[in-house]
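Below: sequence and its predicted model.
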Amino acid sequence: MDFSFIWLAFGQIISPQTIAYALAALGLTVCFGFTGLVNFGQAGFMAVGGYGFAITTVKFGWPLWASVLAAIVGAIIFAFILGIPTLRLRADYLSIVTIAAAEIVRYTVKTPQFVPVTGGTDGINGSSSTFDAINPIPVGHYGVGVLMYNQDDLWIIIVGWVLTLLCALLVSRLMRSPWGRIVKGIREDEDAVRALGKNVYWYKMQALMIGGTLAAIAAIINIIPTSLQPDNYGTQTTFFLFTIMLLGGATTIMGPIVGSIIFWIVLSLSDGLLSLAVTYHWLPITSVQQGPIRFVIVGVALILIVVFRPQGILGKKSEAYFSA
Amino acid sequence: MVKALRGNPVGIRLLLCILALLLAAGALALGSSSAARADTTPSPTPTASAAQETIQVWVRLASDKSAVAGVTVVVTGPKNFSQSFVTGADGKVLVGVPRIGDYKVKLDVSTLPDKTLKPAINPLDTPVARNDSGDPAYFLLVPGTASGSGGSGGSTASPSPGSGSSSGDSTNYFALVANLTANGIIFGLLLALASIGVSLIYGTTGLNNFAHGELVTFGALMGYVLSQVLHLPIFIAIIGAFVLGGAFGYLQDMALWKPLRKRGVGLIPLMIVSIGLSLALRYLYEFIFGSDQLILSSNNASALTLGPVHFKQTDLISIVVCVVLLLAVAFVLLRTRIGKATRAVSDNKALAAASGINVERIIRIVWAGSGALAGLAGVLIGYYQTLRWDTGASILLLVFAAVTLGGFGTAFGALVGALIIGLLVNLSTLIIPANLQNAAALLVMILILLVRPQGIFGKRERIG
């Protein structure tokens, strides 16, 4: 019996996917946990950032810094476009408009007419070239057992984690600053903040832009070791991010990071166990049926977290912003 | 807001109820699982050279999914590529193509063994991208001449029209517009059935139900089980989907939403719970029924012809059922005590409760009614096009768009909004690529929010 999946599951602790989801969930925390914006379009921000990076790198041949800048600017513009019609409205309108906008992005990049630019349903390959070109790590294989990484894998993992920790530090400083106190005030009582003479609309817009920027960086980290696939940025990605954020704690800085690690370990372990169960016929299911189970697990977990521990693993009950 | 976890009877009951609900849904459909498994999409046969792109052609009967052998298909593509192939005993033939590009797969109708059957769409457009193997070009043979009239072949949420827009012929263009308009009205009516539930639930409980799509899919799947697995007649399938959908809505409220309301969970957490429920249910459907298209077989012959527009028998049933049901909902809301009470609860819950209305009972009725309407919409959508485990989820955003357009919490707004969205989705294909049709509807919703955030019929104070 092959138990190597356990090692692979614990490899998720440092995998680029975990980093990307942690960063995107951190952005969601800024929007949802701290400012109280029900942003269901985080996958759309990721898609905008990912395409901004991949198109400028692969199709236009821009240098790394310019591509990263393009991704961030794209996400900020997207936040601006989304924010104008919705930030004055109630939370549920924002949720529907953001989820709709994310889907519009996904439909648009998949359009056959745009294949020369976006690659259609196939997405874009090879956006790691400029990033790998500045890799200082000597060629070789690093790691133990089944967890082997080549120099490029290791490079993105190191850069990704450094970036994530820097972003976490930045968000943490931001939330202790006057700006952070104002957005938390908006979350608790918008009218009170408005009565103090603050421009609530503009603060919400800034929060959405910061959240979107983090999502764009997350998307870059996600596509560099693999490739850009439009269907990876559907609504289910946003819901995964919500699960991760709520699991760790929606009003904490470390919550999204811890949540992402636990989330991917659990999914990876359950996939491995199910594969074993299918191979040895412990359960009356086929390998085709194995795929949907992880989503059922996520869905049920999301319900249970919201109902039984809305503050998440790390959150404080007193700050469990979670009631409307 | 959060009670202690341990020894909390509400919490434990909730957990048990969720499990029971999932089990019940599983048991209900278990009978169909073996049938559904039989027609899982085939994994393409691996070819010798990995770089070679291939198209998998598969010819089957729509009625019982049996393969049709010995049919000639002609594959044409870029750089004058044109070759004909004959399907094997399994109805399949794997076509290797020399380069990527857009291919057309045309079935030679004269080689069909049964001349009364025709493919629903012929020729099929098959784009081949780099490293694709087995890009599907699946023909389903249906009785009569359904070719080109749309409706029967759409694989996404709404039917894509026949590929006739390129011809400059004005009569053809008129026929296309007429067909798209008819499709738009039918699709709009079906959306309306699904939307009214969303609007009523929102009005009475404040919940933005992201799991409403799964109520729609549930109805469609129950219709599938009744008509295709148990071989009951079409009207029993429709009524069954309606009744079972209502029961599902009622059970959901009893098992999940009512306990959560009692705990005093806020509206945004409730919305996230509905997302979790949506994910869990949707993939449970996929687990049970497989990821393939399921087909509710119906008579595809034209039952009524109005100028260039052909209506199938099930199209007519859909129109009649939708109109009757929508009128019935209007009557109930406007003329009966329950309807008045529902509107009172939507308007002001506390005031309604104070004036002696049993709010919980109204909410239960609304959930059952919404589930029934959604189930009906689901089975009719199944007959209108095809159905899948994610049929409901794929129209959920269109339902939201319809409700937002009409104004949240207003049942009649939802009807008007749904018709607008239905027409928009279909007619937009005249000027934009077909895969952007849903995007166009969503974009219009966002633009409407800019100028009139409360929707067409909404009240100003509702927008907060």
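Looks like it came in fine.

residues from the stretch 301-450 of chain B in reach of chain A?
The stretch 301-450 of chain B comes close to chain A at residues B:397, B:400-401, B:404, B:408, B:433, B:435-436, B:438-439, B:442-443, B:445-447, B:449-450, as judged by C-beta under 8 Å from any C-beta of the partner chain. The C-beta positions use only the backbone N, C-alpha and C, and glycine is treated the same way.

what about the residue in the stretch 1-150 of chain A that chain B sits nearest to, neighbour count?
Closest to chain B within the stretch 1-150 of chain A is residue A:90: 3.3 Å, counting by C-beta to the nearest C-beta. Applying the criterion other C-beta atoms under 10 Å in any protein chain shown, we find 16 residues in the vicinity of residue A:90.

and what of residue A:49?
32.

what does residue B:422 give?
25.

next SSE after the helix or strand it falls within?
Residue B:422 is part of helix B:411-427 when elements are defined by DSSP states H and E. Counting by DSSP H and E, the element after helix B:411-427 in chain order, helix or strand, is helix B:437-451.

Next, the buried residues of that following helix.
B:437, B:438, B:439, B:440, B:441, B:442, B:443, B:444, B:445, B:446, B:448, B:449 (16 or more other C-beta atoms under 10 Å in any protein chain shown).

Ok, stretch A:281-292 next?
Buried, per 16+ other C-beta under 10 Å, within stretch A:281-292: A:288, A:289, A:290, A:292.

Same check on stretch A:247-258?
So stretch A:247-258, judged by 16+ other C-beta under 10 Å, has buried residues A:247, A:248, A:249, A:250, A:251, A:252, A:253, A:255, A:256, A:257, A:258.

Rebuild these as JSON lines, extending it with pLDDT and secondary structure.
Listed next are those as JSON lines, based on pLDDT from 0 to 100; DSSP: H, G, I helix; E, B strand; the rest coil:
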{"residue": "A:247", "pLDDT": "92", "secondary structure": "helix"}
{"residue": "A:248", "pLDDT": "91", "secondary structure": "helix"}
{"residue": "A:249", "pLDDT": "88", "secondary structure": "coil"}
{"residue": "A:250", "pLDDT": "86", "secondary structure": "coil"}
{"residue": "A:251", "pLDDT": "86", "secondary structure": "coil"}
{"residue": "A:252", "pLDDT": "89", "secondary structure": "coil"}
{"residue": "A:253", "pLDDT": "91", "secondary structure": "coil"}
{"residue": "A:255", "pLDDT": "92", "secondary structure": "helix"}
{"residue": "A:256", "pLDDT": "94", "secondary structure": "helix"}
{"residue": "A:257", "pLDDT": "94", "secondary structure": "helix"}
{"residue": "A:258", "pLDDT": "94", "secondary structure": "helix"}
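
quick check, nearest of these to chain B?
Of the buried residues of stretch A:247-258, the one sitting nearest to chain B (C-beta to the nearest C-beta) turns out to be residue A:250, at 10.0 Å.

does that closest one really touch residue A:309, like I thought?
No: at 11.0 Å, residue A:250 does not count as touching residue A:309 under the criterion of C-beta atoms under 8 Å.

And residue B:384, how far from chain A?
21 Å (C-beta to the nearest C-beta, to the nearest Å).

didn't that residue look like it was pressed against residue B:185?
No: using C-beta under 8 Å, residue B:384 makes no contact with residue B:185, being 11.7 Å away.

ok, the two, which is more surrounded?
Using other C-beta under 10 Å, the more surrounded residue of residue B:384 and residue B:185 is residue B:384, with 26 against 16.

Run a quick neighbour tally on residue 77.
Using chain A. Counted with other C-beta under 10 Å, residue A:77 comes out at 14.

my question was about chain B
Applying other C-beta under 10 Å, I find that residue B:77 has 22 neighbouring residues.

Show me the residue sitting in the middle of chain B in space.
By C-alpha atoms, centre = their mean, chain B has its centre lying nearest to residue B:391, at 3.8 Å.

secondary structure class for residue B:138?
Counting by DSSP: H, G, I helix; E, B strand; the rest coil, the backbone at residue B:138 sits in strand.

show me where pLDDT drops low in chain A?
Chain A contains residues with pLDDT under 70 at A:1, A:317-324.

can you map out the helices along it?
A:4-11, A:16-28, A:42-54, A:64-86, A:91-110, A:115-118, A:129-133, A:151-176, A:178-188, A:190-195, A:200-223, A:235-248, A:255-279, A:287-308 (DSSP state H).

Let me know which of these is tucked in deepest.
helix A:42-54 (a mean of 30; mean count of other C-beta atoms under 10 Å in any protein chain shown).

what packs against it?
helix A:16-28, helix A:64-86, helix A:91-110, helix A:200-223, helix A:235-248 (3 or more C-beta pairs under 8 Å, 6 or more residues apart in numbering or on different chains; DSSP states H and E).

hey, which helix is longest across chain B?
helix B:170-205.

For that helix, buried residues please.
B:175-177, B:179-180, B:182-205.

you'd agree residue B:380 is up against residue B:192?
No: using C-beta under 8 Å, residue B:380 is not in contact with residue B:192; the gap is 11.2 Å.

Which residues are in contact with each of the two?
residue B:322 (C-beta atoms under 8 Å, 6 or more residues apart in numbering or on different chains).

Would you check that residue B:73 makes contact with residue B:93?
Yes: under the criterion of C-beta under 8 Å, residue B:73 makes contact with residue B:93 at 7.0 Å.

Which residue of these two possesses the greater neighbour count?
residue B:73 (26 against 20).

if I pick that one, what's in contact with it?
B:57, B:59, B:84-87, B:93, B:95, B:105-108, B:137, B:139.

Kindly state the beta-bridge partners for residue A:147.
residue A:144 (DSSP bridges).

returning to that earlier point: of the contacts of residue B:73, which belong to strands?
B:57, B:59, B:84, B:85, B:86, B:93, B:95, B:105, B:106, B:107, B:137, B:139 (DSSP state E).

May I ask which of those has the most neighbours?
Neighbour max across the ones in strands among the contacts of residue B:73 (other C-beta under 10 Å) = residue B:139, 28 neighbours.

what's the distance between it and chain A?
21 Å.

Roughly how far does the nearest residue to residue A:252 once chain neighbours are set aside sit from chain B?
Distances taken as C-beta to C-beta, 6 or more residues apart in numbering or on different chains place residue A:314 nearest to residue A:252, at 4.5 Å, with adjacent residues excluded. Look at residue A:314 and chain B: by C-beta to the nearest C-beta, they are 16 Å apart.
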